[in-house]
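Visitor: coords please:
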Amino acid sequence: MTTAPRPADEKSRLRAEVRARRRERDAAALAAVERATSARLRELLTATGGRRMAAFLSTPLEPSTRLFLRWARAYGVEVLLPVPHDDGRLGWALDTGEERLSARWRVPEPAGPELPPGALAGAGPVVIPAALVDRAGGRLGWGGGFYDRALAELDRIPAADRPEVWALVHDDELVDRVPRERHDRPVDGVATPAGLVRFA
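Guide: Numbering: from 1, shown residues only. Below you'll find the model as predicted:
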């Protein structure tokens, strides 16, 4: 009798597969993804009628947010970016175009001052990274738990001010199912280069 893999083991396997596929994408494909991703994020911002949103500073292994961030700065759109804390929480700071490498986590973070707690209330859509997203809104992150904790904190915001949360992935990373555990938080929608999908 074959034993079903534990969710944690299945997650690790899937993350490794996604990383391997992402490393195989060539420069031309990545440039096309960056252009399409920028268009989708502008579309999302327009659909929500806002001039403010939250996103993230992409790493080389993620769909690039850099073109969108340059557009947002040029057109006066405020974008909040995550600041990882040593205790695993996320703070938020406005994108000014300046960034640094997080000393502990070795990921890019905004160089500006951190905003007070509750900065995401009424901020417009929140776009977060993911490895995979399923068609029921399940999100497979990268295992650090930063965004699951951040999404849990959104539950404290009154419903009228609570932002929608969208994951950003490549087209082939929207799948039928991802393994879920109790602490995993779903997302409201997914943005891929091909389009936006809002979950019911």
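Visitor: Have a look at the protein and report its longest helix.
Guide: helix 27-47 (DSSP state H).
Visitor: Just confirm Ile157 contacts Ala123, I think it does.
Guide: No: between Ile157 and Ala123 there is no contact, the gap being 9.6 Å when judged by C-beta atoms under 8 Å. Heads up, the C-betas are built off the backbone N, CA and C, glycines and all.
Visitor: any idea of the mean pLDDT in stretch 24-41?
Guide: Stretch 24-41 shows a mean pLDDT of 97.
Visitor: Asp148 - that's part of a strand, no?
Guide: No: with DSSP: H, G, I helix; E, B strand; the rest coil as the criterion, Asp148 is helix rather than part of a strand.
Visitor: shared neighbours of Ile157 and Ala123, which are they?
Guide: Pro163 (C-beta atoms under 8 Å, 6 or more residues apart in numbering).
Visitor: Return the residues in contact with Ser12.
Guide: Gly143.
Visitor: which element is it on?
Guide: Assessed by DSSP states H and E, Ser12 sits inside helix 7-23.
Visitor: Using CSV, list the CA coordinates for that helix.
Guide: Taking Å, rounded to 0.1, in the frame of the first residue of the first chain, the C-alpha atoms of helix 7-23 are listed here in CSV:
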residue,chain,number,x,y,z
PRO,A,7,1.9,18.0,2.6
ALA,A,8,5.3,19.4,3.8
ASP,A,9,7.2,16.9,1.7
GLU,A,10,5.0,17.5,-1.3
LYS,A,11,5.5,21.2,-1.0
SER,A,12,9.3,20.8,-0.9
ARG,A,13,9.2,18.7,-4.0
LEU,A,14,7.0,21.2,-5.9
ARG,A,15,9.1,24.1,-4.9
ALA,A,16,12.2,22.4,-6.2
GLU,A,17,10.4,21.6,-9.5
VAL,A,18,9.3,25.2,-9.9
ARG,A,19,12.7,26.6,-9.1
ALA,A,20,14.2,24.3,-11.7
ARG,A,21,11.7,25.3,-14.4
ARG,A,22,12.2,29.0,-13.7
ARG,A,23,16.0,28.6,-14.0
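Visitor: Any idea what the residue nearest the centre of the chain is bridged to?
Guide: Closest residue to the average C-alpha location of the chain: Ile128 at 1.3 Å, with C-alpha atoms, centre = their mean. Assessed by DSSP bridges, Ile128 has beta-bridge partners Ala167.
Visitor: re the thing from before, please name every helix or strand in contact with the longest helix of the chain.
Guide: helix 66-74, strand 165-168, strand 189-192, strand 195-198 (3 or more C-beta pairs under 8 Å, 6 or more residues apart in numbering; DSSP states H and E).
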